[in-house]
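1. dropping a prediction and its sequence here:
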Amino acid sequence: GAVVSQHPSWVICKSGTSVKIECRSLDFQATTMFWYRQFPKQSLMLMATSNEGSKATYEQGVEKDKFLINHASLTLSTLTVTSAHPEDSSFYICSARSSSYNEQFFGPGTRLTVL
Amino acid sequence: GENVEQHPSTLSVQEGDSAVIKCTYSDSASNYFPWYKQELGKGPQLIIDIRSNVGEKKDQRIAVTLNKTAKHFSLHITETQPEDSAVYFCAASRGGGTSYGKLTFGQGTILTVHP
């Protein structure tokens, strides 16, 4: 149990385009999903917290107009990187938290490369 | 906010030896401390966690200890195997309030187990 999937696993796009990343909890309902960014050889940095049916809460320094988050159901959250630039290239990882426990289960990550 | 420090940044051991990774945290309200294993190009995988009402937890070759007074917790891996080689992250989280469920990660430890 507790499986979280992400799609796509990797994506290459041109500068200025938008990219959407999906995060799904496959076998449990997640009232909260989290989006992280990880640069090479670095730790995970929380970008935003996404609660089902409400607006996401962004961490300081994260542009909410650039990283659009939608959490439309208890099993799906999406992150859209708008007007992507090469500096947005990174490993984006989502996690989902069970409504009953504190544990977070992580997705496999999405490698974004912006040319 | 919470700050988690993790040491060492790299750890090299011989197969069969034990490995210990230590973390300290700053927020006395933190009460959930998970450990994650991350292999190259993949998302973090929860390997063990401990809550503040427990001092030690064991799962086969893996154990975690928590000292609330000193605000530090440690991961112990016994009888290490080459497949234990990965990056290990500690994290801390508090229950309740606006920070509920938010994980703060340590910097990570690259563990290499030599056959």
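-> Everything's here; your move. Predicted model only: the values in this text are computed from it and were never measured. Numbering: from 1, shown residues only, chains lettered A, B, ... in the order given.
2. enumerate every residue touching residue B:87.
-> With contact taken as C-beta atoms under 8 Å, 6 or more residues apart in numbering or on different chains, residue B:87 is in contact with B:37-39, B:108-111. Using the backbone N, CA and C atoms, a C-beta is placed for each residue, glycine as well.
3. taking the residues you listed together, which two end up most distant?
-> Maximum pairwise distance in those, criterion C-beta to C-beta, is 13.7 Å, between B:39 and B:109.
4. which of those two has more residues huddled nearby?
-> Under the neighbour definition other C-beta atoms under 10 Å in any protein chain shown, residue B:39 and residue B:109 were set side by side, and residue B:109 has more, 22 against 12.
5. so who does the more buried one touch?
-> Contact analysis of residue B:109 by C-beta under 8 Å, 6+ apart lists B:6-11, B:21, B:87-89.
6. can you report phi and psi for the residue nearest the centre of chain A?
-> For chain A, residue A:35 is the residue whose C-alpha lies nearest the centre (C-alpha atoms, centre = their mean; 3.7 Å). Per-residue torsions, residue A:35: phi -120, psi 130 (degrees, to the nearest 10).
7. give me the neighbour count for the nearest residue to it once chain neighbours are set aside.
-> Excluding the flanking residues, the one nearest residue A:35 by C-beta to C-beta, 6 or more residues apart in numbering or on different chains is residue A:47, at 4.6 Å. Neighbouring residues of residue A:47 were enumerated by other C-beta under 10 Å; the total is 24.
8. one step back: among the contacts of residue B:109, which one sits closest to chain A?
-> Of all the contacts of residue B:109, chain A sits closest to residue B:89, with 6.5 Å by C-beta to the nearest C-beta.
9. show me where chain A has strands.
-> A:4-7, A:10-13, A:19-25, A:30-38, A:45-51, A:57-58, A:67-73, A:76-81, A:90-98, A:104-106, A:110-114 (DSSP state E).
10. quick one: name the residues of chain A near chain B.
-> With C-beta under 8 Å from any C-beta of the partner chain as the criterion, chain A meets chain B at residues A:4, A:6, A:32, A:34, A:42-46, A:49, A:57, A:93, A:95, A:97, A:102-109, A:111.
11. so what does the residue in chain B positioned nearest to chain A have for phi and psi?
-> Nearest residue of chain B to chain A (C-beta to the nearest C-beta) works out as residue B:43 at 4.0 Å. Phi and psi for residue B:43, reported as degrees, to the nearest 10, are phi -80, psi 160.
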